[in-house]
Structure formats: C-alpha cells, structure tokens
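> could you look at this predicted model? Sequence included:
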Amino acid sequence: MKVMHWALPLAAWVLSPLMLGIINRVKAFFAGRRGPSVWQLYFDLFKLLQKGSVYSRSTSIVIRVAPSAGLACMAICATILPWGEVRAPVTFTGDIVLLAYLLGLARFATVLAALDTGSSFEGMGASREVQFAALAEPSFFLGMLVLVLHFGFSGLSSMVSGISLETWQTSGVLLVLVACSWFVLLLTENSRIPIDDPNTHLELTMIHEVMVLDYSGPDFAYILYAASLKMWIFGALVVNLVVPMHSLLPWLQAPAFLLGMVLVMVLVGIVESILARLRLQQVPKILIGSVLLSLIALVVKLMGS
Amino acid sequence: MRDRYMELFILGCSLPVVMGIGAFAIGRTRIARWLATLGVWLGCSVASVPVIAVLSGQAVEPLEMAWTMPGGSLSLGLDGLSAFFCLPVLLVSPLAALYGCAYLAGEKKPLGSVLLFYNVLTASMLLLMASRNALLFLIVWELMAVSSFFLVVFDDEHAHVREAGWTYLIATHIGTAALLALFALLGKQANSLDFGRMIGTGLSPVMASVVFALAVTGFGSKAGFIPLHVWLPEAHPAAPSHVSAMMSGVMIKTGIYGLLRVLTFLGSPSVTWGWTLVIIGVLSGILGVAFALAQHDLKRLLAYHSVENIGIIALGIGAGVLGLAWNQPALVVLGFGGGILHVLNHAVFKSLLFLGAGAVVHSTGTRDIDHLGGLFKSMRWTGVTFLVASAAISGLPPFNGFISEFMIYVGAFSGVQAGSPGTVILAIGATGGLALIGGLAAACFAKAFGVVFLGEPRSDHAVSAHEVHAMMRWPMAILAITCLAIGLLAPQMVNLVIPAVQVMAGGPAASLTEPATTATHSLTAVVYASASLLLLMVVLYLVRRHLPRAKEETVTGTWDCGYARPTSRMQYTASSFAQPLTDLLRIFLGTRKHGAAPQGFFPQPTAFETDTPDAAQERLFAPLFRLVDRALSPIRRMQHGRIHEYLLYIAIVLVLLLLWKAGGHQ
C-alpha cells in the first residue's frame, strides 16, 4: 500500500506538464489552429535545462534561489493531494493549512525574485499578485469549511474520500457552489484568462508572466514546471470535490480522477477561448464574489441543519 | 525545607537594576555600556533557572512576606503562565541589550539614563510576571510604564519624539486608571489584594463582565487592541531601535499576560467575552495590517504589524475562552495554546525586525522605505535575517509564525460541529480572518523587504549603506535561528505551552491531554514536511548548479521592454506596490493624497505624496480629547505652577482622607 500512495505525487510530478499541453490544444482548436503538441512543455523544459542563463546586474542571490524554493513548495504540496479513496502519502489533521501556506511561500519567493530585478514591470506584477492572492486565500478556507461541516475535521484525504453520490444527492448545491468558488481560485492562482493572460508577456496588465520576465535557462524551466504542478494541485482539488469517488469501484478511481483532470483542463481551455480578460479593476470583484459563493454555501448548510 | 527558586528570581530581577544604577553613575563611557549589558545578561541567566524549573513541570513554592501596605502580603510566585511569559523577556532583552551596546556607541549624548531605564524595564517585566499581589502588580506596572517612557523620549531634542512620549504616557495611564478600578473591584470582592484569594470569589455575572471590560480596556491599551493602539505607531518609531524591539516584541505582551491573569480570577467565562476577544482580534488583525500597508516609515510599518499580531493573539485567546464556555477541550488547547505561543513567536520575529530596521537606519540614516533599495548587497547579514523574520511574521513555513497560526486554524476547524452555528461562525471568522491577515501580511512584507533590500538604491542614503557592527549582527542572527528552530521544534513547543494552558483551563489537566496529543501529531507531520521542504530546496538548488551549462551566466541590465536607459527611480516604490490594496481598503484608511498629475503638452514639474494618519487618533481620540479639554478647562485655574499651593492641595486631601477614615470607624 505504501508504494501505492506514492503513485499519486508521482503522477503529479510526471503528468503535470501534460495538463498545460491539453489547455493549449483546446485553445488552438477554438482558434482554428493545429496548435503545438500536447507534449510541448516537456520539450521546452528539456531544452531550457540545457541552456546557460542571463541575469540582470541588479539582482542578488534571491532571484537565483527563488525558483528552487518555489518548485520545492509545489513538489511537497503534491504529496498532500489524495486521489479518491487512495490516501495521500502525507496526510494529517490540518494538512490543508500547510497546503495553503506552502503555496503562499512559493508566491512570496516569486514576488521577491520579481522585486529583485528592480524592474517597474515586475514590480507591477508583484504588486498585483499579492493583492489578488490576499483576496483569494479566504475562499479556499471557507470552501474547505463546507467539507469540514460534512465530514468532520481531519486530513484532506479523509475528507474528500467521503464524497459519494449520496453526498451529491443531499447537498449537491453546496458542492457546486464550492466547486465554482474553487474554479475561480484555480483561474486566479494559475494566472489564466479572465484574471490574467499566460500568453502575452509584455502587456502592462500581466500578473504572473511579467514577474518572471528576467528568468532564462534552467531557472525558467523550474518556474514553468512549478507552474504546471500548481495547475495540477488546483485541478486535483476541484476534481476531488466534484467526482463522487466514494461511489466508484476502487480500480475505476484512478482513471476517473485522470479523466476529471483532463476535463477540468478542457474547461479551462474553453473559458480561455470564449472569455476576454477582465480589466484589472474588475478582478477583485470576481475574487470577492468567489469568497461569497463559499459563504453562501456555508449559510445554506447552516440553515439546512 | 523550602526551595530557593523565588529568591533566585528576585536576585535575577535586582541584578540588572543594581548594575544599571552603576552604569548610570559612570555615565557615557564604554564601561558603563558594558556594565549595564552585563547586568541584563547576568540577571536573565539567574532568572532563567526558576523559569526553566517551572516549565519543566516542577512546582515552585511562592514567596510570601509581610509588608506594611494594606490589603495582603508581598507575595511572589511563578506558575506555567508566568513562566511562559518570562521567556520572551529572557530571550529578547539580553540580545537587544547587546545590540544596544553597539547601537549607542556613536551617540554623543549622556547614556546613563537610557542604560539604567533599559535595565529597569527588563527587571520590571520579569517582576511583573511574578507579582501575586495587586498593589505590587500595579507598582511594577507603573515602573515598567515610566521606564519605557524615558526610553521612548531618548531623542528628546526632536519635537515629534516628545510628542510621541506624551501620547504613550497618556495612553498607558488611561490603561492604568482602568486597572486601578479593576483591582479595586476585585479586591473589594475578595477582601484582599492577593491574587491567590481573588480566584473564585463568586462575582455576580454583571460584575464579572464589568471587570472583564475593564481588563480589556486597561490591558488592551498596553497590548495595542484597536482602537486603543494609537500610541504604538507613535512611540515605536521614536524610540531607539533596540528599545522598540523590547517594547514591541516584549512589553506589549504584558498586556496579554494581565488579561489572561484576570481571566483566571473570573471563573467560568461567558460566551460574550470570547466573542468580544475574537472580534477585537479579527479587527485588530485586519486593520493593523491594512494600516501597515499604507506606511512609508519602516518602523511605523512594523509598529502597525504589532497591532496585527496582537490581533492574532487575541483571536487565539478568544477561541480558547469560547472553548471553555462551550466545553470543547480541543478549542481550549489549540486556541489558548496558539495564542500564547504566538506571544513568544511574535517576540522573536518582531524584535528581530526592529533590530533589522535599526541596522538599516543606523547604516543609511533614513527610515523612509521609498528612499532605500538594494541593501541586500551591502548588508548581507541584516538582509538575510530580515528576510527570515519577514517570512516568519507572514506565517510562512518552515518558520515559527506558521506554527502558532497553524494551531489556531486547527483549533477553529476542529471546533466545528454540524448544527451549532456558534462554532461555524467562529471558524469562518478565525480561518477567513487569518487567511486574509496572512495574505495581507505577506503582501506587506514583500513590500518592506523587497523595496528596502532588493532592486537598486533609490537615493544616496541607500548607496552609502554598509553592514553593521558584529555586536549588532549576532543578536539578529541568533533571533533568526530561533525563528527556524521554533518552527522545527514545534511538537516540543506544545509541551512548553501546555502548563500555561492548564492555568487558563483551571480544571483537571486530563481533558487537555487528548487534544494536545492530536496537536503534537499534526505538528510532527508539519515538521517533517518543513524539513523535507528545506532539504528539497537545497537539492533542487544543487541540481540547478550542476546542470551542463550552469556555469554560463551572462550579466546584463534588467529587461525593461526595450527601454534603453532605465534608472533606479523608475522602480516600483513601496507606495505604488501597496496602492492596489490601499485603494481597496480606503474606507478604513483615509489615505490623503497631495499633489497633482502632470498636465498639458509641456508639463511643469510636479510632486505627489500620500500619507495615512491613524484613523483612531484622528477620528476618535482627537475629537474626544478636545471635548474633554473644553469640559475640564475651568479646573485649569487650579493648575498654575505654584508649588506651595500644590502642597496645600495634598495637605487638604490627606486631612480629608483622615477625617473619612476616622468617620468610618465610628
């Protein structure tokens, strides 16, 4: 069983770049292009790792350490995520707090590295990143509170493994509300449209991409890989919430999870294709709205009981 | 045969004072500085013996001596709560004293008073924790307040420092007034001023609530609960940096200690008190960090962060009180435990931040964040330690701030019971509040660290920066290591804090064991995760350094989208970094903007400036004090500066007191 548990983070570490490939293919489909191979990010990572690097003379050690720190955080986060009824290798009461704060640490490292370059563009990106993160953080915990109300407080693995078809029948509305709130969180944290645009690096409205402008070579490979792991982490949270794993046969759970991940990525691709990016002033409204979704779910739950 | 621990503790309290008086007599020389510092070190080492004894589970006999003051005996004692609150004093004051020794070295002014009062402050805080009599407590409380006042006004040639000193003196005495009333009420009920006899006196619920309100006001003004926090952002920047570290890191916690101590007198707490503390906590936390975001002055920013952290502590304590009221051991252990542990954690990283800010001020001569930049290259030690403290205060793993916040989170979550709205509302407030506070604090420290230490220097002040003296570096390094050590020794910290929680819980210790074990299990897992995180970081960094072309590094200018001549003045400033958030929070902040945008085709030079005055001071206390001033102005005729008439007033009051006393006995 021990080895079985480690299959989960292993899948995350190996398959996460594929997810971004899927999104790009969906976007290409909507734009009427053929688009790059779904394996493109693997080629990119391989190429970048073999390159030399360029640093600004304004920078210090911070920008050199930050990619390793960020990637380490994401890699550890991946070990907390369950997969249906298969427990994560790391699970304990309160692991969700650790998950949220590891993501916070990774963000702190990226923001400081951006400020290290002294560039006003990266300063802008950093400023927006911390603003949106501060607003997005409560919606994660409030959504989690809905799960806690259902299944009691324990590790993430035990909580999500309780979600079954029956849960959907009794409190499907709550799960949908939380899932919507977390999907917005996914879009925000992974800098996707309509919050941010991962493709155009140089526009003044960028958030995440502008913070990593000065990276090159292996450092940039670390950043890209960490970003794909982050996408996996949020995707896995949503999938675990939505798919009633408890009601599936054990051997079906892993394929169902993977299928769910692919569907979430397709959904992200569709959202990116059919929506325009929001003006920056509108983003806080979306985020506060997503916090309110979780709050509504909590109120509904309290009224019901 | 009784043990001699309390005598040892008294010796520990008196050594700093005696050697401080010696330093005062010697004056400005280096010997004076060393003598005073040695006093603090010796005193704290001696006093740490009984404190460690108590924390390791040994019962220390209290000391009771007769004295001529009315209302009880001169009694001193240490329990788990007192001993835990002694820890920040014992850890921070020797390090800050050593730092101060170097910090004051270049000072032209006589140093006698600052050395003496620093030592008196240290001793009085230790003695305060051991006081078991209300009168003694109040005397020591005043000693602490007055000695810290003299430390704040060290640079009294500046008008703003004198003003900050007055603000502090008034704030602390308004607090003391509430405490006088509080202990008068409690003392009357218990018929004694001894703490031992104040427990379980059977106060009526209404009186207990009055006492609680007085405690929140009196001790809250010292701790910095919003809106009683107004003195913090004035006094902390005005004081010398090692004194700010002591006051912000340690002294404001005496308010928390007092509040907890009074709570133990009041018997089983009401739900209202718990909610009061939770609401105060969330408000102080969010508004504290919101005001911090809007500041340009590094030390003022840190002062507002003290308000934020006091909020987190109050939130934890409030959760603990609710746990007692609802009879939920998990909430009691994790709420009180997290709150009390955060006292120690905040003492470590906040004093480190103030020492770091002091090093920056010492080296560059300015506290204005927007004039700094790029200091990481010239001040490596200060930079690294400040970075550690920034991560710790933002509650990020693997440092200590995460541990205490983690406990409060877990407490709030595990208290949740389906069907009980109270527990859910607490969980919403605590987790949502902590998440928001954590996010904003990370934003604020990304700003503080990023703008001060990273990028390019923004002024000549920053260009000429240099690393500070080793005696200032080492205390910072030790505190930074402590931040990491507490983070990695988290399960042991639970054991350290449990005796204090037992004092608060009052009842049998057995009910606390199970939640404490659960917390220890979770924290052990957290520690493993933190250790793997650090290890993985190192491995990934080494891998990156050994990739095929890792050695090939081209150094060039920062990519600024093709703009040919970027200058350091084009960097994002602290104000612009925080602007989206301060705009979002503007209804609370009331930030004032001065200056205008450039206009026309050939714009004239223009300037832009923002400042964020304290809302509580501007909108609440300033009008209130004006009102009081107007109402009391007739009495001013009695205050004319003629001392012989003042003596007459005293004589009249004494005679009246005598008559009243005589009348009472007939």
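Ah, there it is.
> only C-alpha atoms from now on, for both contacts and neighbour counts.
Noted.
> now for the top helix by length along chain A, which elements pack on it?
Ranked by residue count under DSSP state H, the longest helix found in chain A is helix A:120-151. In terms of contacts (3 or more Cα pairs under 8 Å, 6 or more residues apart in numbering or on different chains; DSSP states H and E), helix A:120-151 is packed against helix A:95-116, helix A:156-161, helix A:165-189, helix A:208-211, helix A:283-304, helix B:433-453, helix B:574-584.
> check what pLDDT the residue of the stretch 101-250 of chain B found nearest chain A gets.
Closest residue of the stretch 101-250 of chain B to chain A, Cα to the nearest Cα: residue B:226 (21.4 Å). Note on residue B:226: pLDDT of 88.
> got a list of what it touches?
Applying Cα atoms under 8 Å, 6 or more residues apart in numbering or on different chains, we find residue B:226 in contact with B:280, B:283, B:284, B:288, B:307.
> chain A contacts on the stretch 251-400 of chain B?
Residues of the stretch 251-400 of chain B that fall close to chain A, judged by Cα under 8 Å from any Cα of the partner chain: B:376, B:377, B:391, B:395, B:396, B:397.
> in what helix or strand does the fifth one lie?
Using DSSP states H and E, residue B:396 maps to neither a helix nor a strand.
> that one - nearest residue in space that isn't next to it in sequence?
In space, and not counting its chain neighbours, residue B:396 is closest to residue B:402: 5.3 Å by Cα to Cα, 6 or more residues apart in numbering or on different chains.
> quick one on the thing from earlier: as JSON lines, the contacts of residue B:226 with secondary structure, neighbour count and pLDDT would be great.
As requested, those are arranged in JSON lines below (DSSP: H, G, I helix; E, B strand; the rest coil; neighbours: other Cα atoms under 10 Å in any protein chain shown; pLDDT from 0 to 100):
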{"residue": "B:280", "secondary structure": "helix", "neighbour count": "22", "pLDDT": "96"}
{"residue": "B:283", "secondary structure": "helix", "neighbour count": "22", "pLDDT": "95"}
{"residue": "B:284", "secondary structure": "helix", "neighbour count": "30", "pLDDT": "95"}
{"residue": "B:288", "secondary structure": "helix", "neighbour count": "29", "pLDDT": "94"}
{"residue": "B:307", "secondary structure": "helix", "neighbour count": "33", "pLDDT": "95"}
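> neighbours around residue B:631, how many?
The number of residues packed near residue B:631 is 10, by other Cα atoms under 10 Å in any protein chain shown.
> got a pLDDT number for it?
92.
> so it is in which element?
Assessed by DSSP H and E, residue B:631 sits inside helix B:622-632.
> could you list the low-pLDDT ranges of chain B?
Chain B contains residues with pLDDT under 70 at B:1-2, B:418-419, B:507-509, B:562-566, B:664-666.
> show me where it has strands.
Applying DSSP state E to chain B gives strands spanning B:63-65, B:74-76, B:553-556, B:592-595, B:608-611.
> what's the offset of the third one from the middle of its chain?
What it means is strand B:553-556. Relative to the mean C-alpha coordinate of its chain, strand B:553-556 is positioned 44 Å out (Cα atoms, centre = their mean, to the nearest Å).
> cool, and the first one?
Relative to the mean C-alpha coordinate of its chain, strand B:63-65 is positioned 31 Å out (Cα atoms, centre = their mean).
> reformat the helices and strands packed on helix A:120-151 as CSV; add mean neighbour count.
Below are these laid out as CSV (neighbours: other Cα atoms under 10 Å in any protein chain shown):
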stretch, mean neighbour count
helix A:95-116, 25
helix A:156-161, 24
helix A:165-189, 19
helix A:208-211, 24
helix A:283-304, 19
helix B:433-453, 28
helix B:574-584, 21
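> need those helices in a markdown table (columns: distance to residue B:329).
Below are those laid out as a markdown table (distance: least, Cα to Cα, whole Å):
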| stretch | distance to residue B:329 |
| --- | --- |
| helix A:95-116 | 21 |
| helix A:156-161 | 22 |
| helix A:165-189 | 29 |
| helix A:208-211 | 43 |
| helix A:283-304 | 23 |
| helix B:433-453 | 21 |
| helix B:574-584 | 38 |
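> what's around residue 225, how many residues?
Because you didn't say which chain, this covers chain A. The number of residues packed near residue A:225 is 24, by other Cα under 10 Å.
> chain B is the one I meant
29.
> chain neighbours aside, what residue packs nearest to it?
Nearest residue to residue B:225, sequence neighbours excluded (Cα to Cα, 6+ apart): residue B:284, at 6.0 Å.
> next one: residue A:199
In space, and not counting its chain neighbours, residue A:199 is closest to residue A:209: 7.9 Å by Cα to Cα, 6+ apart.
> that neighbour contacts residue A:198, correct?
Yes - between residue A:209 and residue A:198 a contact is recorded at 6.2 Å, counting by Cα atoms under 8 Å.
> in the stretch 151-300 of chain A, which ranges drop under the pLDDT threshold?
Low-confidence regions of the stretch 151-300 of chain A, defined by pLDDT under 70, span residues A:200-205.
> leaving out the residues flanking it, which one is nearest to the residue in it that chain B sits nearest to?
Closest residue of the stretch 151-300 of chain A to chain B, Cα to the nearest Cα: residue A:153 (5.4 Å). Setting aside the residues directly before and after it, residue A:153 is nearest to residue B:414 in space (Cα to Cα, 6+ apart), at 5.4 Å.
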